[in-house]
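J.: Structure for the following, please:
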Amino acid sequence: MKYTCIDMETYLRKQHFEYFKTLAYSYTGMTVPVEITQFFQYIKARQLPFFLSICYCVSQAANRIPEFRQRIVQDQILEFDHCRTSHTVALQDGTYCYCDLDSHRSFEDYLIYAIEEQEKVKKAPSIQEEETLDKLFVSTISWVSYTALVNPTPFPPDSNPRITWGKVCKQDKKIFLPITVLCHHALVDGMHIAVFYEYIEEEMQKIISHY
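T.: Reported below is the predicted structural model:
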C-alpha cells in the first residue's frame, strides 16, 4: 500500500477537515440514477458479468479522484496511490462474504481476474478484513431499484467511501442504475461526488469505445 502524508499546514481544506470530523454524523452522500443504456446493451450483447463490469467502472472513477483515496488516521490524512474495492459476494446459504479486487489493469484482464477471485473467496468465505485503509467498500442491492439508501457506519467513523447500486430501471426506453455514494465529509464535498458520477459515465464510454 503506497501512500503520501498530506501536509496539514498547507492543506486547503484544513478548516473543513477540523470541523466535519467533530460532528456526530460526519458523512455526506447521495443517490443518483445513472443512465447506462448503451453500456447495459454492450455488456448484455457480449454476455459479460454485470456486477463486475459496473464494479470496474466505479473503481476506475473513484481512483481518479484524490479525495476518494484519502483516509483519516488520527489527525493525519493519508492519500493512497490506488485503492482496491472490497465487495460483497452472495453465498448459497443466504449470507455473504467479502472479496477484494484491484482494478489497476485492463477491463478484459480485470474480468478474468475478478471471476477467479470471487470463486476463491466462496471456497473460504469470511467477513473479517485485516487491512481496510486502502479500500473502497462496494455493495449491491440487486433486488430493487431504489431512490435513496441508508448505509450502516462504524463508530468511531471510518473514512472509506461506500458505493452501492441497485436494480436497473427502465424509463422512456432508457436504462438507469441507482448508484449511492457515502463519504466522510472531512475529506469529500458534494463537488467531488458530482465529479465521481461524471467519471463513471466516462469509464463506461471508454469500454464501449475500446473493447
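J.: correct me, but residue 179 touches residue 165?
T.: Yes: Residue 179 lies in contact with residue 165 (CB atoms under 8 Å); the separation is 4.6 Å. (Each C-beta comes from the backbone N, C-alpha and C, glycine too.)
J.: shared neighbours of the two, anything?
T.: Taking CB atoms under 8 Å, 6 or more residues apart in numbering as the contact rule, residue 179 and residue 165 both touch residue 58.
J.: In terms of secondary structure, what does the top strand by length along the chain contact?
T.: In the chain, taking DSSP state E as the definition, the longest strand is strand 174-184. Using 3 or more CB pairs under 8 Å, 6 or more residues apart in numbering; DSSP states H and E, the elements in contact with strand 174-184 are strand 27-35, helix 37-45, strand 162-165, strand 169-171, helix 190-210.
J.: And the shortest one, what does it pack against?
T.: Helices and strands touching strand 169-171, as assessed by 3+ CB pairs under 8 Å, 6+ apart, comprise strand 174-184.
J.: Adjacent strands (with direction) for the strand it packs on?
T.: If you go by DSSP bridges, strand 174-184 pairs up with strand 27-35 (antiparallel), strand 162-165 (antiparallel), strand 169-171 (antiparallel).
J.: for the residue nearest in space to the middle of the chain, what are its contacts?
T.: Centre of the chain computed as the mean C-alpha position; nearest residue by CA atoms, centre = their mean is residue 163, 4.0 Å away. Neighbouring residues of residue 163 by CB under 8 Å, 6+ apart: 58, 62, 136, 137, 138, 139, 179, 180, 181, 182.
J.: would you turn these into a markdown table with neighbour count?
T.: Formatted as a markdown table, the contacts of residue 163 follow (neighbours: other CB atoms under 10 Å):
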| residue | neighbour count |
| --- | --- |
| 58 | 25 |
| 62 | 24 |
| 136 | 22 |
| 137 | 19 |
| 138 | 24 |
| 139 | 17 |
| 179 | 24 |
| 180 | 21 |
| 181 | 26 |
| 182 | 22 |
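J.: which of the residues you listed lies closest to residue 20?
T.: Closest approach to residue 20 among those (CB to CB): residue 182, at 13.6 Å.
J.: Skipping adjacent residues, who's closest to the closest one in space?
T.: residue 29 (3.6 Å; CB to CB, 6 or more residues apart in numbering).
J.: returning to what we had before: most tightly surrounded among the helices and strands packed on strand 174-184?
T.: Mean neighbours per residue, mean count of other CB atoms under 10 Å, is largest over the helices and strands packed on strand 174-184 for strand 162-165, with a mean of 24.
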